[in-house]
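Q: Structure of the sequence below:
(chains A, B and C)
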Amino acid sequence: MIGFLARRLLELAGTLAVASFLVFGAVYLAPGRPETFLLGGRGASPQLLAAIRSQYHLDDPFLVQYGRWLGDVLTGRFGESVQYRSSVLGLVGSRLPTTVTLIGMSLVLVLVFGIALGWLGAVRGGAADSGVLVGTSLALGTPSFVAGVVMQSYLAIRLHWFPDQGSGTGFADLLYHLVLPSIALSLYWIGMLARVTRTAMLDVLGQEHVTVARGRGVPERQVLRRHVFRNALGPIVTTAGLIVTGLVISTVLVEAVFTLNGVGAFLEKSVTVKDFPVVQAVALLIVAVFVLVNLVVDLLYPFIDPRVALGAREGDA
Amino acid sequence: MRLYRTCLVFAGALVLIALAAPLLAPHDPNGVDLGAAVSGPSAVHPFGADGSGRDTLSRLLIGSRTALLGPIGVVVFSTVAGAAVGVAAGWRGGWLDTVLSRGSELLLAFPALLVAMLFVALYGPGLLTPVVALSLAYLPYVSRLARGLTVSEKRRPYLDSYRVQGFSGLAICVRHLVPNIAPTVLAQSTVNFGYALLDLAALSYLGLGLPPLTPDWGAMINDGQDAMMQGHFLPAVIPCVAIVLTVVAFNVVGGAWADRISRRAA
Amino acid sequence: MTVLSIEDLRLELPGASRPVLAGVDLEVRQGQTVALVGESGSGKSLTSRSVLRLLPPGARAGGAVRVAGEDVLAMPPARLRELRSRQVSMVFQDPRAAINPMLRVGAFLTESLRANLGESKAGARARAVEMLEAVGLTDRVLRQHPHQLSGGMLQRVMIAAALLAGPALLLADEPTTALDVSTQAEIVALLADLRERFGTGLLFVTHDLGLAAAIADHVYVMYAGRIVEHGTAETVFAAPRHPYTSALLEATPSLAQPDRRLHAIPGRPPDLRAELTGCAFAPRCTRATDECHTTVPVGQVACHHPGGTHA
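A: Numbering: from 1, shown residues only, chains lettered A, B, ... in the order given. Predicted coordinates:
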């Protein structure tokens, strides 16, 4: 267990290191000179350019620059935003609560409705199942920003049930402002999780041990919970892991639709104005979330399926 | 089955519409009719016009071309490159397999939209940049599948019989192995089409895709949001509907193909 | 006293042209061991499963399956669950498929007791330990998962689970087919021993005539959804009267006469898509006449031309 954890953490660090190298190297290799990026396209005198080159150590060899940057990142210094002239860490940190709340609310919606709908389709069959299949097909064709725009137009602008934009003031108001965004963000992933849950449960429902449990007089609700759903958890948890990453990146879109002041919208704006220190930091943050979520899923897996040894998740081939 | 046929017809019709779009569009998609700005449906503008007075129907029709072209590009690039990487890794094994597989795993840590945004930040918006970026992001999914298929195909005895007959590895690979794994890989690529359309529309909505004047569904939604704030929903909602229907149609068709192939293989 | 009485049981499945079970009659008395033998596809497993009303989806059943006088096919769901948890239980062919791989053996053993008999956790565990000892296992397996046990051990767990609530009738559907030969003998001996000890009626479904002869008091021979012959084990095996029973015996190797020639039965059992007129065995039968192809034979020996009389 400890050995496994140590190895996985080492791998995690390795992935992040290579990812950071890619992210840093990409900027270095980008067409055009770094100092013009840093100036955000504004013209500047040769003296200013030279000053910037020395301030950012742009004349050092690539690996030296990368090493310095990595050292800074490891000690929590992500540099300064070119656009705002202030610490990237502070800028991202102040936007984090909105985004984290949005993701949290959406994740709850996805888990509750995705599992419930998949369960319904698999267990009830017939018209309910057809309904779930059509509904999930539609959801899987609806990207978050489309769902957001449609809901914004009818529920917010026409009916005034919800605010159409902004994050409000105070936590309660934030939650109210995030109702539509979180629904828009979760719709697609609800469709995906419902599909996976439905297929996995149907798979288990066809297995002999379910018939045996029924034949032993185990109450149907307990058969579904302890035998069918319990055994279908593997694919559900794996998908849930993918969904967290999906939610994280999709905040870029939903925050744009509802003009929320979160990390996603910040990333988008920074991309538009080529504010590279911000883009690098947020990209690394997203990759870190992905790697961490994967680690959590791997750690959970042996508890879900006792036949699987730690670190040998199925479907990794 | 009825759903599959409906979707197949819809997808086919869409391709024809995209090809004939300039003939079908009633107006210049960028033509400005200020008198009709944010107007509802009329005889002249069946779907109304947007905030700048541009005909929604014409923009929708012309926009279908980039809506289909982009994802086709992504699917073609990612399939060709992904299959090459996967087959090479699975066929050669050893260090090449380790390097390529590790590389793919690393790429998987970057969500497709993030890769696309990084590329746009570096190389600027356009049609080609997002397509190349998404192809790169989708590559590991294709290569992982192709590698798995190659490894299991390599164990089958018929390949040995070719080797005994003196065929070179490359010849066996190209002539016998690739055709055998192609159906499964292509089915996965059809499913990727839907994902690519969604990701490209998202980029275009964010203004990180095509140049501003090009009519494109994602960008139309963004433009339409201004009219929406004034209570005119059509310019934003119509491209939304177009995206949903198109993706659903292609997903259903691709899913049905993938099912059919996996059932035949089973 | 009769624990199980199956009367004219008929079962129709969607997609089949004829009933899978076409009027099965069968009886098991208290403490008796009854073997139901036949080739695969004869309907013997479906017959035993219908005692617990474990029917395939879309199946339509007719006739009656009476357990202690009560018709299982007509029971309301709550009563059915009670029957399944207390009166009748079943040991299945492949224990690895029949036991949920994700649950610990202890949880599997006690779940029905706790859900239906309101047994406390400690009480259920104590009974489980007792029963595990009866089948030759220790309480160590309670904390283990199915994949940590051998097939034979798992089948013992299955048997312990089946006997835990003290049922009046135990159904065993090919309980040894999935096991290796030495384990088979152990499981059969265990079943016979436990039947004796707990006074349970046992319906033993098998395709293995030797096994049936070794364990059963009474034997039913099944072919294409009908019972073609039944009687005490000695009479049926010593002096078979139905040509199918004779043919089956001639196709079975015997330790007593190792030099005897084996005769395979020509042809194959009728397909479920084929409609049948007359005796289902007629196309494969050496004694068949025109009558056999047109009229369905009935009686204790369902044959128009039975062999020598039962003693």
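
Q: how about the residue of chain A found nearest chain B, what does it touch?
A: Chain B sits closest to A:Gly141 of chain A, with a gap of 3.6 Å, by Cβ to the nearest Cβ. Every C-beta, even on glycine, is put in place using the N, C-alpha and C of the backbone. Counting by Cβ atoms under 8 Å, 6 or more residues apart in numbering or on different chains, A:Gly141 touches B:194, B:243-248, B:251.

Q: Helices of the chain, residue ranges please.
A: The chain I'm using is chain A. A:2-29, A:34-38, A:46-55, A:62-74, A:88-124, A:126-140, A:144-151, A:171-177, A:179-205, A:208-215, A:220-222, A:230-257, A:263-272, A:276-304 (DSSP state H).

Q: oops, chain C please
A: So, for chain C - with DSSP H - the helices run C:44-50, C:77-82, C:95-98, C:105-116, C:121-134, C:151-163, C:181-198, C:209-215, C:233-238, C:243-250, C:290-294.

Q: Throw those into a markdown table and include distance to chain B, thanks.
A: Below are the helices of chain C laid out as a markdown table (distance: least, Cβ to the nearest Cβ, whole Å):
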| stretch | distance to chain B |
| --- | --- |
| helix C:44-50 | 25 |
| helix C:77-82 | 35 |
| helix C:95-98 | 20 |
| helix C:105-116 | 31 |
| helix C:121-134 | 40 |
| helix C:151-163 | 27 |
| helix C:181-198 | 32 |
| helix C:209-215 | 35 |
| helix C:233-238 | 43 |
| helix C:243-250 | 35 |
| helix C:290-294 | 40 |
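
Q: List the contacts of stretch B:55-68.
A: B:14-15, B:17-18, B:21-22, B:24-29, B:31, B:33, B:36, B:45-50, B:127, B:197, B:200-201, B:204, B:210, B:214-217, B:220, B:234-235, B:238-239, B:242-243, B:246.

Q: which among the residues you listed are in contact with chain A?
A: B:201, B:243, B:246 (Cβ under 8 Å from any Cβ of the partner chain).

Q: Show me where chain C dips below the pLDDT cut-off.
A: C:255, C:308-311 (pLDDT under 70).

Q: most tightly surrounded among the helices of chain A?
A: Of the helices of chain A, the one with the most neighbours on average (mean count of other Cβ atoms under 10 Å in any protein chain shown) is helix A:144-151, at a mean of 26.

Q: What helices and strands are in contact with that helix?
A: Packing partners of helix A:144-151 (3 or more Cβ pairs under 8 Å, 6 or more residues apart in numbering or on different chains; DSSP states H and E): helix A:179-205, helix A:230-257, helix B:178-205, helix B:217-229, helix B:234-265.

Q: Where does the stretch 151-300 of chain A get nearest to chain C, which residue?
A: For the stretch 151-300 of chain A, Cβ to the nearest Cβ, closest residue to chain C: A:Gly217, 3.0 Å.

Q: I'd like to know how many residues surround that residue.
A: Here the number of neighbours of A:Gly217 (other Cβ atoms under 10 Å in any protein chain shown) works out to 24.

Q: check contacts around it.
A: C:81-86, C:112, C:115-116.

Q: Give me the buried subset of these.
A: C:81, C:83-86, C:112, C:115-116 (16 or more other Cβ atoms under 10 Å in any protein chain shown).

Q: Closest one of those to C:Arg260?
A: C:Arg84 (43.8 Å; Cβ to Cβ).

Q: Around chain C, pick out the residues from chain B.
A: Residues of chain B lying near chain C (Cβ under 8 Å from any Cβ): none found.

Q: hang on, C:Arg86 packs against C:Pro167?
A: Yes. Using Cβ atoms under 8 Å, C:Arg86 is in contact with C:Pro167, at 6.6 Å.

Q: Low-confidence bits of chain B, can you list those?
A: B:1, B:33-39, B:43, B:51, B:265-266.

Q: Can you check which helix is longest in it?
A: Chain B, longest helix under DSSP H: helix B:56-92.

Q: Buried ones only from the contacts of stretch B:55-68, please, as a ChimeraX command.
A: A single ChimeraX command selects the buried members of the contacts of stretch B:55-68 (16+ other Cβ under 10 Å):
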select /B:14,17,18,21,25,27,29,33,36,45,47,48,49,50,127,197,200,201,204,210,214,215,216,217,220,234,235,238,239,242,243,246
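
Q: Let me see the contact set for the spatially closest residue to B:Gly224 that is not a sequence neighbour.
A: Excluding the flanking residues, the one nearest B:Gly224 by Cβ to Cβ, 6 or more residues apart in numbering or on different chains is B:Ala236, at 2.9 Å. By Cβ under 8 Å, 6+ apart, the contact set of B:Ala236 is A:149, A:153, B:220-221, B:223-225, B:227-228.

Q: let's see 10 Å
A: A:146, A:149-150, A:152-153, B:50-51, B:56, B:220-229 (Cβ atoms under 10 Å, 6 or more residues apart in numbering or on different chains).

Q: Give me the distance between the nearest residue to C:Thr200 once chain neighbours are set aside and chain B.
A: Take C:Thr200 and drop its neighbours on the chain: the residue closest to it by Cβ to Cβ, 6+ apart is C:Leu170, 4.9 Å away. As judged by Cβ to the nearest Cβ, to the nearest Å, C:Leu170 and chain B stand 37 Å apart.

Q: Tell me the spacing between C:Leu170 and C:Val34.
A: According to Cβ to Cβ, to the nearest Å, C:Leu170 and C:Val34 sit 11 Å apart.

Q: Need the overlap of contacts for these two.
A: Shared contacts of C:Leu170 and C:Val34, counting by Cβ under 10 Å, 6+ apart, come down to C:28, C:201-204.

Q: Restricted to strands, list those.
A: C:28, C:201-204 (DSSP state E).

Q: C:Lys44 reaches C:Asp208, doesn't it?
A: No. Counting by Cβ atoms under 10 Å, C:Lys44 does not reach C:Asp208; the two are 11.8 Å apart.

Q: Could you pull out the residues contacting both of those two?
A: C:35, C:37, C:174.

Q: give the contact list for the last one.
A: Residues near C:Glu174 by Cβ under 10 Å, 6+ apart: C:40, C:44-45, C:48, C:91-94, C:204-208, C:211.

Q: What subset of the residues you listed is buried?
A: C:44-45, C:48, C:91-94, C:204-208, C:211.
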